[in-house]
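> here's my sequence, what's the structure:
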Amino acid sequence: MSYDEVKSTHSGVLDYRGEKRTPVTLQVANRYVAPFLARYGLVLAFLAAWQISSTQGWINPAVFPRLDIIVAALWKGIVGGALIDDIAISLQRSGIAFAAAVAIGIPLGLFMGQLAAVERALDPLLQFFRQTSALALYPVFILMLGLGEASKVFVIFWATLFPILLSTIGGVKEVDRKLIEMARTYGAGPIAIFRRVVLPASVPAIFVGLRLSATTALLLLIAAEMIGANKGVGFQVMNAQYNFQIPLVYASILLLALLGLAANAGLVLLQRKLCRWSAPSH
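Prediction:
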């Protein structure tokens, strides 16, 4: 057999020196940088366009300040303590309302989801109130509870209750009936079926409602603190706007966005811990 025949037969063996390994930097880029840019590339491009446009004067810098000025205003407010009290009171208001919505919405949703007659009787009323804007009802809450903390907390509670309640009801109704029948076949009672089948299967849907409600709580918090409040991040937005402190306006809005992202990340982490079989989407 000639050399050319041997080379053509065992080309993979003879040409191993010609194979090139992917550089480590390229591997790192493919593994970390590319997914990061795919997820946050548009956000980075938007921020870069804002910074460049404001710096070059393509947009009015009085209305759209540079991002470094906004970040500096946020840092000054936090370090100087001006925003610390506002953050604390805002978290207190939204936290109390969110906790009350969880304490009422999840048990009531689990109860209604298992009793079809009760769910059918109350569903029209729930749908009616769900479609009624909480902001439209805010003047009513003020008339009932006054301009104090009660009306602010209650309007946030009202808006956050329905996502949790309806998500819990939907989660219970979507439980696979074959699992319930199998549990009954093995002699499980109603309490055991609820604890071992219904409740675990409903957890992913419940967390969907929790994440929606956490976002809604922050949205309603702004509106609630813009009326009759003298503390809070929402009040800070309005006060800075009245005094034409535009960087502080954007700094407060950025702070609210960061609080919302932190709340969502915390709930996603908790969901991963409690229901490992279900991978939550960001």
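> wait, what's in contact with the closest residue in space to A223 that isn't next to it in sequence?
Distances taken as CB to CB, 6 or more residues apart in numbering place L135 nearest to A223, at 5.6 Å, with adjacent residues excluded. Backbone N, C-alpha and C define where each C-beta goes, glycine included. When contacts are counted by CB atoms under 8 Å, 6 or more residues apart in numbering, L135 touches 155, 220, 223.
> I'd like the distance between L137 and I156.
Computed as CB to CB, to the nearest Å, the L137 to I156 distance reads 12 Å.
> do S202 as well
24 Å.
> distance from whichever strand or helix holds K273 to the middle of the chain?
Using DSSP states H and E, the element containing K273 is helix 246-274. Here helix 246-274 is found 7 Å from its chain centre; the criterion is CA atoms, centre = their mean, to the nearest Å.
> where along the stretch 151-282 of the chain do the helices fall?
Using DSSP state H, counting those that start in this stretch, the helices of the stretch 151-282 of the chain run over 177-185, 190-193, 199-225, 233-242, 246-274.
> what's the angle from the first one to helix 199-225?
Looking back up the chat, that one is helix 177-185. Interaxial angle, helix 177-185 versus helix 199-225 (axes from the mean of the first three to the mean of the last three CA atoms, to 10 degrees): 130 degrees.
> switch to numbering from 36
Got it, first residue is 36 now, which makes that one helix 212-220.
> report all helices and strands that helix 212-220 contacts.
helix 225-228 (3 or more CB pairs under 8 Å, 6 or more residues apart in numbering; DSSP states H and E).
> what of the third one?
Contacts of helix 234-260 with other secondary structure elements, assessed using 3+ CB pairs under 8 Å, 6+ apart, are made with helix 119-149, helix 169-180, helix 184-208, helix 268-277, helix 281-309.
> list the buried residues for that helix?
234, 236-260 (16 or more other CB atoms under 10 Å).
> swap in the longest one?
Taking 16+ other CB under 10 Å as the basis for neighbour counts, the residues of helix 281-309 that come out buried are 281-288, 290-291, 294, 298-299, 302-303, 306.
> and of these, the nearest to A107?
P282 (7.6 Å; CB to CB).
> quick check: the closest one vs K213, distance?
Per CB to CB, P282 is found 59 Å from K213.
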